[in-house]
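Colleague: Predicted model follows, preceded by the sequence.
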Amino acid sequence: YGDPSQKIDYVFKVVLIGDSAVGKSQILARFSRNEFSLDSKATIGVEFQTRTLVIEHKSVKAQIWDTAGQERYRAVTSAYYRGAVGAMLVYDITKRQTFDHIPRWLEELRGHADKNIVIILLGNKSDLENQREVTTEDAKEFAQKEGLFFLETSALEATNVETAFMTVLTEIFNIVN
Ligand code: GDP
Ligand code: MG
């Protein structure tokens with residue numbers, strides 16, 4: 001997960017947002033440390049994690065910010081969004097309400113962040129297919145309408161987590177190059 005002595009060509013700040021308990025911290029743990037915990041308290045208090053990766057022969061440091069339990073509507077401060085070039089908007093496919101709140105998060109994001117921010121919608125916990133309350137089609141349609149990338153992920157099974165980050169980071173990379 002990156003040689004610390006290597007020279008960094010880019011630092012991209014990416015923010016994780018979405019309702020509480022959708023899996024934001026575990027998506028980040030999976031991406032930054034290849035870890036997963038069923039105990040969500042394990043990551044509370046962590047502001048951001050970094051991972052350095054290579055995109056088109058350049059080293060890119062991804063600085064991924066996690067809301068440390070500030071998911072109440074409007075509780076996330078503008079400092080959190082400041083300088084962000086990417087955002088991951090996360091809901092839980094087994095909790096309809098977390099998907100229904102996505103337009104609010106999007107509105108908040110668009111109110112605070114740079115207008116060129118790259119956004120991906122993530123339907124997490126895809127391993128819990130038998131408890132699904134949000135269809136892939138509904139989410140895909142919403143993402144298309146709003147111009148967002150979209151993937152279903154499982155932090156538990158590590159499904160699409162790497163792809164989700166690579167999608168956002170590569171798009172940002174292409175915008176700045
Ligand atoms: P956050 O509040 O959005 O940061 O959510 P957490 O990352 O703390 O996760 C909330 C709960 O959901 C924890 O018990 C996690 O172990 C669990 N969880 C997170 N991601 C997944 C997933 O992909 N699949 C399943 N089955 N559980 C998950
Ligand atoms: Mg969390």
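Modeller: Okay, I see it. Ligands and ions are numbered 1, 2, ... in the order given.

Colleague: Straight-line length of stretch 149-167, end to end?
Modeller: As for stretch 149-167, its first-to-last residue distance stands at 8 Å under the measure C-alpha to C-alpha, to the nearest Å.

Colleague: Can you list the buried residues in that stretch?
Modeller: 149-156, 159-161, 164-167 (16 or more other C-beta atoms under 10 Å). Heads up, the C-betas are built off the backbone N, CA and C, glycines and all.

Colleague: Widest-spaced pair of those residues?
Modeller: Within these, two members stand farthest from each other by C-beta to C-beta: 149 and 156, at 21.5 Å.

Colleague: How about the contacts made by residue 30?
Modeller: Residue 30 makes contact with 36, 155, 158, 161 under the criterion C-beta atoms under 8 Å, 6 or more residues apart in numbering.

Colleague: quick one: least confident of these?
Modeller: Taking pLDDT as the measure, the contacts of residue 30 have their low point at residue 36 (90).

Colleague: Phi first, then psi, for that residue.
Modeller: Residue 36 adopts backbone torsions of phi -150, psi 140, taken as degrees, to the nearest 10.

Colleague: Ok, residue 101 next?
Modeller: Dihedral angles phi and psi of residue 101 (degrees, to the nearest 10) take the values phi -80, psi -10.

Colleague: Can you tell me, leaving aside adjacent residues, what's nearest to it?
Modeller: Across the structure, with C-beta to C-beta, 6 or more residues apart in numbering as the measure, the residue nearest residue 101 apart from its sequence neighbours is residue 19 (5.5 Å).

Colleague: right, and the one you found touches residue 96 too?
Modeller: No: counting by C-beta atoms under 8 Å, residue 19 stays clear of residue 96, with 11.2 Å between them.
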